[in-house]
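[1] Build the 3D model from these lines:
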Amino acid sequence: MSKGGDIDYAQLSRRIKQWGHELGFGAVGICDTDLTEAEHHLHSWLAKGYHGTMDYMHRHGSKRTRPAELVPGTLRIISVRLDYRPPEPDPGSVLRDPAAAFISRYALGRDYHKVLRARLKKLAQRIADEIGDFGYRVFTDSAPVMEKAIAQKAGLGWVGKHSNILSRDAGSWFFLGELYTDLPLPVDSPVSDHCGECTACIDVCPTRAIVAPYQVDARRCISYLTIELHGPIPEALRPLMGNRIYGCDDCQLCCPWNRFANDTTEADFLPRHGLDTATLVELFAWDEATFLKRTEGSAIRRIGHERWLRNIAVALGNSGEAAAESALRARTDHPSELVREHVAWALTRLRALLRP
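    Residues are numbered from 1 along each chain as shown. Here you go, the predicted structure:
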């Protein structure tokens, strides 16, 4: 399979998967660009308003569901997964400690976008070294790409009732990345759904965001509320958020398939700055300079200091901890109206919880 000669695409496909595993990917699959079924599902989801304020979900029109419109010439998509779960004996213990700050496990380490993008570029270079220049573009949740639908079609897993990709041998604790390419590679077969009658994720969701199997109303999802939403968090949902200050992993923590999940072997995904053991009071005391320093290279930085304080204020109000009151009072005169409003709510909530 030399450069300039005839390419054996079946052999190349096998080599790509081998190289992917050598680069640390847990799985590599290939699919075509027909995402018609996913397009119908997306249009239905958008029509119901489940995307909330995420206008970017429809801003790019059909480019999201028609890969060749986003990257002309695309014939195949190479889909990869990379495990990210940090090793810990009981991540649920943080949720059971009202004074602790729960941060979604994917955000405890280095920003996954950078790690995955660099790894995918290495894979593309391995292909180019083998066959010469070819057309490709790398994506890691960085453009209008239907990464879950692509991963399902490429055989990496199935879309679970919580809308995450599930694998029989790896659960759901992994990131996804894509390589759009103009190579006519043979495609892999999708796997069947293995959720069965299980409703664990639906039953455990704190805000009842999984409104039906395979349907998530983002407007109720804690990940949306703490990360995507820029304004005030709806008051009715605040008490349900507990101590979750950045994202939510409940639907993954309870999923039976995650007993087969793998801990990450990537040092970049291990917790930084003690974020896996930090208290709410400790994190609420960070000024903006400290926030920017401690979240350098982290996905958390994208929400900014103002929303960081907004989220923690809600969690402090829910804590029922006497120590939370002085921490909240220190922010009552914060320059941000958004922070002040959530601090005021939290103080009222806290007093109600502490009242004998």
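[2] quick one: Cys248 and Cys201 touch, right?
    No: using C-beta atoms under 8 Å, Cys248 makes no contact with Cys201, being 11.2 Å away. Placement of C-beta: from N, CA and C, glycine included.
[3] Touching both of these two, which residues are there?
    With contacts defined as C-beta atoms under 8 Å, 6 or more residues apart in numbering, no residue is shared by Cys248 and Cys201.
[4] Just the helices from the stretch 251-356 of the chain, written as ranges.
    According to DSSP state H, counting those that start in this stretch, the stretch 251-356 of the chain carries its helices in the segments 280-284, 288-294, 304-319, 323-329, 337-354.
[5] Buried residues, the helix-or-strand element of the chain with minimal mean pLDDT. List them.
    One helix or strand of the chain scores below all others by mean pLDDT, DSSP states H and E: helix 56-59, with a mean of 87. Buried residues in helix 56-59, counted by 16 or more other C-beta atoms under 10 Å: Met57.
[6] when you give positions from now on, start the count at 12
    Let's use 12 as the start, then, which means that last one is helix 67-70.
[7] hmm, who's touching the following helix or strand past that helix?
    Going down the chain from helix 67-70, the next helix or strand is helix 78-81, by DSSP states H and E. Applying C-beta under 8 Å, 6+ apart, the external contacts of helix 78-81 come out as 44, 46, 71, 73-75, 85-86, 88, 154-156, 191.
[8] so where's this structure uncertain?
    12-16 (pLDDT under 70).
[9] need the longest helix for it.
    As assigned by DSSP state H, the longest helix anywhere in the chain is helix 123-142.
[10] rewinding a little: kindly reformat the helices of the stretch 262-367 of the chain as JSON lines and extend each row with distance to Gly285 and mean neighbour count.
    Listed next are those as JSON lines, based on distance: least, C-beta to C-beta, whole Å; neighbours: other C-beta atoms under 10 Å:
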{"stretch": "helix 291-295", "distance to Gly285": "8", "mean neighbour count": "22"}
{"stretch": "helix 299-305", "distance to Gly285": "9", "mean neighbour count": "13"}
{"stretch": "helix 315-330", "distance to Gly285": "15", "mean neighbour count": "25"}
{"stretch": "helix 334-340", "distance to Gly285": "17", "mean neighbour count": "17"}
{"stretch": "helix 348-365", "distance to Gly285": "23", "mean neighbour count": "18"}
